[in-house]
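Chemist: Any chance you can model this:
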Amino acid sequence: MPNSPSTFQRRSTFLPFSPPSISEEEIAAVVETLRSEWITTGPKTKEFEQLFADYIGASAALALNSCTGGLHIALAALGIGPGDEVITTPITFACSANVIEHVGATPILADVEPETLTLDLQQVAQKITARTKAIMPVHFAGHPAEMRPLLDLAAQHRLFVIEDAAHALPAKYEGQMIGTLSDFTAFSFYATKNLTTAEGGMLTGAPERIAEARLWSLHGMNRDAWKRYSSEGSWYYEVVLPGFKYNMTDIQAALGIVQLRRLSEFQARRRAIVAQYQAAFSALEALQVPVERPNVEHAWHLYTLRLNLEQLRITRAQFIEELKARNIATSVHFIPIHLHPYYRDRYGWRPEDFPVAYWEYQRLVSLPLHPRLSDADVADVINAVYDVVSVFRR
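Modeler: Numbering: from 1, shown residues only. Have a look, this model is predicted:
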């Protein structure tokens with residue numbers, strides 16, 4: 001149980017928010033690749049694609065430099081462009097909206113459910129017009145969006161579905177892995193993610209869709225670039241699309257292959273930490289803990305507390321500063337899309353246009369959650385939160 005305020009002990013070192021979990025095995029795999037004939041896109045990347053597809057049960061996968069690249073390619077491969085609209089959520093990182101702008105389409109925001117902070121399907125339905133071409137749900141913090149009714153709604157209106165699964169490896173919806181449900185799903189392997197390749201991502205979908213996406217991923221070339229320099233390759237290639245440069249390297253893939261083997265270990269530790277957080281924080285009326293609905297398996301990329309601010313004498317910003325003073329790192333996920341100057345000014349959005357997203361943003365705080373946390377670290381986080389709540393409770 002947490003210490004009482006009178007016995008609170010501030011930890012002596014700063015606890016980082018989400019450092020990567022890298023072992024000697026990953027380091028050895030990267031060194032081996034550096035000593036090989038291939039360091040950019042090559043055989044390790046192909047191996048990682050197959051292993052990842054097998055892991056989640058996807059029929060095909062494309063390794064990329066980022067989740068952002070995956071979302072951009074998905075839109076391009078589906079022919080979405082100027083004059084089209086794509087519905088997404090305000091509670092996401094800016095890349096979800098940025099890529100819609102990149103292809104010349106218009107991002108249309110729909111508000112979120114209060115419980116999971118994923119897309120509210122009633123709000124989505126109200127935003128569909130003759131110009132709507134796709135829906136882009138975001139699996140916030142690792143909790144899947146309500147995919148079955150969303151897919152039904154998309155089918156009814158003949159819309160594509162592109163999932164932003166940056167947080168959602170290895171999440172499940174109704175027993176099925178995220179990455180196997182829709183037209184395209186994009187994953188992130190950024191340094192803070194549940195599986196990391198430092199920078200990187202993966203796009204999954206049907207084989208014919210991934211084949212089209214592969215052309216877009218590397219300059220629109222009609223053959224794998226790495227094969228041009230192998231014994232089985234040819235110098236000749238043709239550019240058939242005005243493609244991008246979003247390829248993953250073998251150095252990254254070597255890291256990812258080992259991380260994928262360790263993913264179940266990582267997730268077991270994440271769940272153990274979450275169980276301790278949930279047990280401790282559920283007892284505090286000043287806090288609202290995250291949910292995991294019975295029809296999903298949460299990936300627990302983030303642990304997002306919500307402050308019941310009416311029960312505290314401090315703001316969310318002050319709460320964060322108080323934890324920092326107690327040597328606990330935190331973050332906020334996310335500043336809503338419609339509050340950023342570019343989108344606010346371009347579309348004339350006001351904070352209250354998406355009231356659930358705006359209200360919940362003002363009380364969100366993400367706590368440290370990563371496999372490197374020891375039980376002593378977790379206890380330090382819990383005790384620090386208890387101390388702040390105790391000192392500043394109304």
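
Chemist: going forward, measure contacts between C-alpha atoms and count neighbours the same way
Modeler: OK.

Chemist: wait, isn't Ile178 in contact with Ala168?
Modeler: Yes: taking CA atoms under 8 Å as the definition, Ile178 is a contact partner of Ala168 at 6.9 Å.

Chemist: Need the overlap of contacts for those two.
Modeler: Counting by CA atoms under 8 Å, 6 or more residues apart in numbering, the residues touching both Ile178 and Ala168 are Pro144.

Chemist: Where do the helices of the stretch 51-200 of the chain begin and end?
Modeler: Residue ranges of the helices in the stretch 51-200 of the chain, as given by DSSP state H, counting those that start in this stretch, are 67-77, 95-102, 121-127, 147-156.

Chemist: hmm, who's touching the shortest one?
Modeler: Right, helix 121-127. Contacts of helix 121-127 (CA under 8 Å, 6+ apart): Ile87, Ile108, Ala110, Asp111, Val112, Pro149, Leu150, Leu153.

Chemist: so how far is it from its chain's centroid?
Modeler: Offset of helix 121-127 from its chain centre (CA atoms, centre = their mean, to the nearest Å): 22 Å.

Chemist: got it, and the last one?
Modeler: Remark: helix 147-156 is offset 21 Å from the chain centroid, using CA atoms, centre = their mean.

Chemist: May I see the buried residues of it?
Modeler: Residues of helix 147-156 classed as buried: Met147, Leu150, Leu151, Leu153, Ala154 (neighbour count, 16 or more other CA atoms under 10 Å).

Chemist: Also the third one?
Modeler: Residues of helix 121-127 classed as buried by neighbour count (16+ other CA under 10 Å): Leu121, Val124.

Chemist: CA atoms only for that helix, dumped as PDB, please.
Modeler: The C-alpha trace of helix 121-127 is given here as PDB (Å, rounded to 0.1, in the frame of the first residue of the first chain):
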ATOM      1  CA  LEU A 121     -19.500   6.000 -33.900                       C
ATOM      2  CA  GLN A 122     -22.600   8.200 -33.600                       C
ATOM      3  CA  GLN A 123     -20.400  11.200 -34.100                       C
ATOM      4  CA  VAL A 124     -18.700   9.500 -37.100                       C
ATOM      5  CA  ALA A 125     -22.100   8.700 -38.700                       C
ATOM      6  CA  GLN A 126     -23.100  12.300 -38.500                       C
ATOM      7  CA  LYS A 127     -19.900  13.400 -40.300                       C
END
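
Chemist: now, among the contacts of helix 121-127, which is nearest to Ala272?
Modeler: Within the contacts of helix 121-127, proximity to Ala272 (CA to CA) peaks at Val112, which comes in at 27.9 Å.

Chemist: you'd agree that closest one is up against Asp120?
Modeler: Yes: judged on CA under 8 Å, Val112 makes contact with Asp120 at a distance of 4.6 Å.

Chemist: So which of the two has more stuff around it?
Modeler: Val112 (26 against 20; other CA atoms under 10 Å).

Chemist: Pull up the gap between that one and Gly70, please.
Modeler: Distance check for Val112 against Gly70: by CA to CA, to the nearest Å, it reads 23 Å.

Chemist: and if you look at Gly243?
Modeler: Taking CA to CA, one finds Gly243 at 13 Å from Gly70.

Chemist: Please identify which of those two sits among more neighbours.
Modeler: Gly70 (32 against 19).

Chemist: who touches that one in this structure?
Modeler: When contacts are counted by CA under 8 Å, 6+ apart, Gly70 touches Leu64, Ala186, Phe187, Gly201, Met202, Leu203.

Chemist: Then Ala28?
Modeler: Per CA under 8 Å, 6+ apart, neighbours of Ala28: none.

Chemist: And it, its phi and psi?
Modeler: phi -60, psi -40 (degrees, to the nearest 10).

Chemist: If I look at it, what pLDDT would I see?
Modeler: Here the pLDDT value assigned to Ala28 is 98.

Chemist: Return the backbone torsion pair for Ser390.
Modeler: Here is the backbone geometry of Ser390 (degrees, to the nearest 10): phi -70, psi -40.

Chemist: Also Arg350?
Modeler: Torsion angles, degrees, to the nearest 10, at Arg350: phi -110, psi 160.

Chemist: Quick check: next helix or strand after the longest helix along the chain?
Modeler: Counting by DSSP state H, the longest helix found in the chain is helix 250-281. Under the assignment DSSP states H and E, the closest C-terminal helix or strand after helix 250-281 is strand 287-288.

Chemist: Can you give the strand pairings for that next one, parallel or anti for each?
Modeler: strand 303-307 (antiparallel) (DSSP bridges).

Chemist: List the buried residues for the following helix or strand past the strand it pairs with?
Modeler: Downstream of strand 303-307, the next assigned helix or strand under DSSP H and E is helix 316-325. Residues of helix 316-325 classed as buried by neighbour count (16+ other CA under 10 Å): Arg316, Phe319, Ile320, Glu322, Leu323.

Chemist: show me what contacts the third one?
Modeler: I take that to be Ile320. Neighbour list for Ile320: Thr330, Ser331, Val365 [criterion: CA under 8 Å, 6+ apart].

Chemist: Tabulate those (a markdown table), appending neighbour count and distance to Asn194.
Modeler: Formatted as a markdown table, the contacts of Ile320 follow (neighbours: other CA atoms under 10 Å; distance: CA to CA, whole Å):
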| residue | neighbour count | distance to Asn194 |
| --- | --- | --- |
| Thr330 | 20 | 17 |
| Ser331 | 15 | 16 |
| Val365 | 21 | 19 |
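
Chemist: Would you mind checking which of the contacts of Gly70 is nearest to Pro294?
Modeler: The closest of these, once distances to Pro294 are taken by CA to CA, is Phe187, at 23.1 Å.

Chemist: What is the burial count for the closest one?
Modeler: Look at Phe187: counted by other CA under 10 Å, it has 30 neighbours.
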